[in-house]
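[1] Quick one, structure for this:
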Amino acid sequence: MSQQQSLVALDAEGVLIPEVWIAIADATGIEALRRTTREEPDYDVLMEGRLALLADNDVTMSAIQEIISDLGALPGACEFLDELRARTQTVILSDTFEQFGVPMMCHLNRPTMLCHRLVVENDLIVGYELRMEDPKRNAVKAFQSLNYRVVAAGDSYNDTTMLAQADEGFLFHAPANVIEEFPQFRALDTYDELLDALSNAIT
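    I've put the predicted structure just below:
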């Protein structure tokens with residue numbers, strides 16, 4: 001019997017690219033936008049708060065895209081991802097939005113990314129459309145239904161259901177509170193460590 005094919009699923013922000021909302025907070029001076037899924041596990045609560053802050057401060061979509069255009073991948077991320085993709089199929093599962101994530105994927109040689117979508121009217125973000133509930137876990141589950149062994153890595157609360165669903169999951173660059181609450185996932189800090197762990201898990 002042939003060996004089961006493998007696939008790696010990775011989070012984007014904090015793992016491969018900078019936290020976009022933190023960059024927006026730094027550029028606009030709106031400190032409350034620094035809150036991410038590392039601190040707030042309820043994604044709807046987090047996003048509703050973000051949209052209210054953007055509206056209150058008249059921050060436009062074009063201004064945000066200008067901020068994002070100046071962001072690159074995290075140091076070493078592109079080389080890590082290139083090497084990983086040379087070894088196995090890799091997909092990016094992110095809770096970011098097409099308007100944010102697609103331009104940033106250019107810095108990573110355009111890997112496949114599954115994410116959400118913002119609703120924009122007159123250059124203002126007025127809402128967001130989630131692709132589905134718990135999309136990271138459901139994507140992993142769908143790949144498994146296609147007879148893939150799925151190995152995953154992420155850094156935040158919103159990655160933990162993906163890691164639990166995967167055949168093997170790792171935390172990467174995770175904050176202490178997430179590591180403490182989810183000790184079942186091995187925590188790694190460097191791309192070399194992550195590449196070795198993922199490579200061992202898919203063989």
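[2] low pLDDT regions in this protein?
    For the chain, the stretches with pLDDT under 70 are 1-2.
[3] longest helix anywhere in it?
    Secondary structure of the chain per DSSP state H: the longest helix is helix 43-56.
[4] need the next SSE after it, C-terminal direction.
    Later in the chain than helix 43-56, the nearest helix or strand by DSSP states H and E is helix 61-69.
[5] just checking, what packs against that following helix?
    Here helix 61-69 is seen to pack against helix 20-28, helix 98-105, strand 124-129 when contacts are counted using 3 or more Cβ pairs under 8 Å, 6 or more residues apart in numbering; DSSP states H and E. The way it works is simple: take the backbone N, C-alpha and C, and place the C-beta from them, glycine included.
[6] Figure out how far stretch 14-25 is from the centre of its chain.
    Mean-position distance between stretch 14-25 and its chain equals 10 Å (Cα atoms, centre = their mean, to the nearest Å).
[7] C-alpha coordinates for that stretch, PDB please?
    Written as PDB, here are the backbone C-alpha positions of stretch 14-25 (Å, rounded to 0.1, in the frame of the first residue of the first chain):
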ATOM      1  CA  GLY A  14       2.600  36.100  13.200                       C
ATOM      2  CA  VAL A  15       3.900  33.000  11.400                       C
ATOM      3  CA  LEU A  16       4.900  34.300   8.000                       C
ATOM      4  CA  ILE A  17       3.900  37.900   7.800                       C
ATOM      5  CA  PRO A  18       3.600  40.700  10.400                       C
ATOM      6  CA  GLU A  19       0.400  41.200  12.300                       C
ATOM      7  CA  VAL A  20      -1.500  43.500   9.900                       C
ATOM      8  CA  TRP A  21      -3.700  45.100  12.600                       C
ATOM      9  CA  ILE A  22      -0.700  46.000  14.700                       C
ATOM     10  CA  ALA A  23       0.900  47.700  11.700                       C
ATOM     11  CA  ILE A  24      -2.300  49.600  11.200                       C
ATOM     12  CA  ALA A  25      -2.400  50.600  14.900                       C
END
